[in-house]
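Student: Provide a 3D model corresponding to the input given below.
(one chain, ligands or ions: 1)
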Amino acid sequence: MNYHKIIPIVTGAIKHLPGVKGLLSKGTGGTIESRYCYSVWMRHLYNWNTVHSDIPKVVAELGPGDSLGIGFAALLSGCTRVYAFDAVKYLDNQRNLKVFNEIVDLFKHRADIPDNKEYPNVRPEIDNHGFPNTIISESQLKDALSNDRLDILREEIIDAENPQNQFIKYQIPWNDSKILEKGSVDFIYSQAVLEHVEDLEYTYIAMSNWLKPMGLMSHTIDFKSHGVTNIWNGHWTFSDFEWRIVKGGKSYLINRQPFSYHIYLHTKHGYELIKKCREEDINNLSRNQLADKFQTLTDNDLTTSGMYILSQKGS
Ligand SMILES: C[S@@+](CC[C@H](N)C(=O)[O-])C[C@H]1O[C@@H](n2cnc3c(N)ncnc32)[C@H](O)[C@@H]1O
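Tutor: All right, here's what the predicted structure looks like:
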């Protein structure tokens, strides 16, 4: 084992890196902000709309993090139910309600979608940041934002794990695909989550089970080392044994699966790729620095630091 590589990271850097510290202890970062949640949902919706003209009815999110804000934005644009499955419970009722109320205001003001000046790293990128009134009609908004509906939503928010809820179904942890009825979801999305999921293939199988035939999936995935190493792709230099030490007792860190593995799983589980955007970064690692299990990474994998993928399940 290369102790020179591990010891400084485990004893020093890993504790002080903002992404890792935030991610693994107190919170996850993004969904603490209502404008972030609104922006992320609108971007996934915008992509949904490249295939469908209506609003998805039932949606499911993996890894909502600090609040259910992305799902709230889905409900406020007219979705009828949101399932939110996480590995760790990061949210609390007070923050969740605050984020909800702020997102209600954004919808009431038909606010523009926060762009990449405000959130430079948020993906997917879209080319129109105006309120999407061609996707969400005024009559849909009137129903979605009615006072009676907002009151029910607020009641459910403070009891988000209650299985009797009509609109919000939050479950942590989830580890069985049977938690959701087969073929019941129109749209599955996640934001900076699939790089953390430990059993990626099981999760793809679960998502395939949950989706209706022709249902869509929309995922943003970050392949960077999340600050564990100085080099953005330095996590591919660690053997599994070394990585277990880096991970310590945390319930998750990053799964280190590259771009090509996600493409492989999409293909294996019968998805048609509708949109695939690669984010590129320079690879400064030489092949002999890669751990044995990562020797097979392609040049494309070694330079793909992030991706957005929109796909459709078969009929
Ligand atoms: C970087 S945070 C992203 C949170 C949020 N989506 C955002 O945009 O800010 C990663 C999230 O993935 C979740 N996660 C990790 N493993 C998971 C799993 N197997 N299933 C669902 N969520 C998972 C974490 O608990 C955390 O909420």
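Student: show me where the stretch 1-150 of the chain has its helices.
Tutor: With DSSP state H, counting those that start in this stretch, the ranges of helices along the stretch 1-150 of the chain come out as 3-8, 14-16, 18-24, 34-48, 69-76, 93-108, 138-144, 147-157.
Student: my bad, should have said the stretch 201-315 of the chain
Tutor: Under DSSP H, counting those that start in this stretch, the stretch 201-315 of the chain gives helices at 240-247, 259-268, 299-302.
Student: and these as CSV, adding mean pLDDT, distance to the ligand and mean neighbour count?
Tutor: Using the backbone N, CA and C atoms, a C-beta is placed for each residue, glycine as well. Rendered in CSV, the data for the helices of the stretch 201-315 of the chain read as follows (pLDDT from 0 to 100; distance: least, C-beta to the nearest ligand atom, whole Å; neighbours: other C-beta atoms under 10 Å):
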stretch, mean pLDDT, distance to the ligand, mean neighbour count
helix 240-247, 96, 12, 15
helix 259-268, 98, 14, 17
helix 299-302, 98, 21, 16
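Student: now the helices of the stretch 1-150 of the chain as CSV including mean pLDDT?
Tutor: Formatted as CSV, the helices of the stretch 1-150 of the chain follow (pLDDT from 0 to 100):
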stretch, mean pLDDT
helix 3-8, 39
helix 14-16, 36
helix 18-24, 36
helix 34-48, 98
helix 69-76, 98
helix 93-108, 97
helix 138-144, 97
helix 147-157, 98
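Student: for residue 277, find the nearest of these.
Tutor: Among those, the nearest to residue 277 by C-beta to C-beta is helix 34-48 (10.0 Å).
Student: return the list of helices and strands in contact with the closest one.
Tutor: Helix 34-48 sits against helix 69-76, helix 93-108, strand 185-191, strand 211-222, strand 304-313, with contacts defined as 3 or more C-beta pairs under 8 Å, 6 or more residues apart in numbering; DSSP states H and E.
Student: format those as a markdown table; extra columns: distance to residue 263 and mean neighbour count.
Tutor: Below are the helices and strands packed on helix 34-48 laid out as a markdown table (distance: least, C-beta to C-beta, whole Å; neighbours: other C-beta atoms under 10 Å):
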| stretch | distance to residue 263 | mean neighbour count |
| --- | --- | --- |
| helix 69-76 | 24 | 28 |
| helix 93-108 | 33 | 17 |
| strand 185-191 | 16 | 25 |
| strand 211-222 | 11 | 21 |
| strand 304-313 | 8 | 21 |
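Student: make TSV from these and add distance to the ligand to it.
Tutor: Shown next, in TSV, are those (distance: least, C-beta to the nearest ligand atom, whole Å):
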stretch	distance to the ligand
helix 69-76	7
helix 93-108	12
strand 185-191	4
strand 211-222	8
strand 304-313	12
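Student: okay, the ones you listed in JSON lines with distance to residue 237 next?
Tutor: Output for those, formatted as JSON lines (distance: least, C-beta to C-beta, whole Å):
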{"stretch": "helix 69-76", "distance to residue 237": "33"}
{"stretch": "helix 93-108", "distance to residue 237": "37"}
{"stretch": "strand 185-191", "distance to residue 237": "27"}
{"stretch": "strand 211-222", "distance to residue 237": "18"}
{"stretch": "strand 304-313", "distance to residue 237": "16"}
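Student: out of the helices of the stretch 1-150 of the chain, flag the one nearest residue 231.
Tutor: Using C-beta to C-beta, the helices of the stretch 1-150 of the chain put helix 3-8 closest to residue 231, at 11.1 Å.
Student: so which residues on the chain come close to the ligand?
Tutor: Within the chain, the positions near the ligand by C-beta under 6 Å from any ligand atom are 23, 28-31, 62-65, 85-88, 90, 191-193, 196-198, 252.
Student: just the buried residues from those residues, in PyMOL please.
Tutor: Buried members of the residues of the chain next to the ligand, defined by 16 or more other C-beta atoms under 10 Å, are picked up in PyMOL with:
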select buried, resi 23+28+29+30+31+62+63+64+65+85+86+87+88+90+191+192+193+196+197+252
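Student: strands - which of the residues of the chain next to the ligand land there?
Tutor: 62, 85, 191 (DSSP state E).
Student: which non-adjacent residue is nearest the first one?
Tutor: Spatially, and ignoring its direct neighbours in sequence, residue 62 is nearest to residue 190 (4.2 Å; C-beta to C-beta, 6 or more residues apart in numbering).
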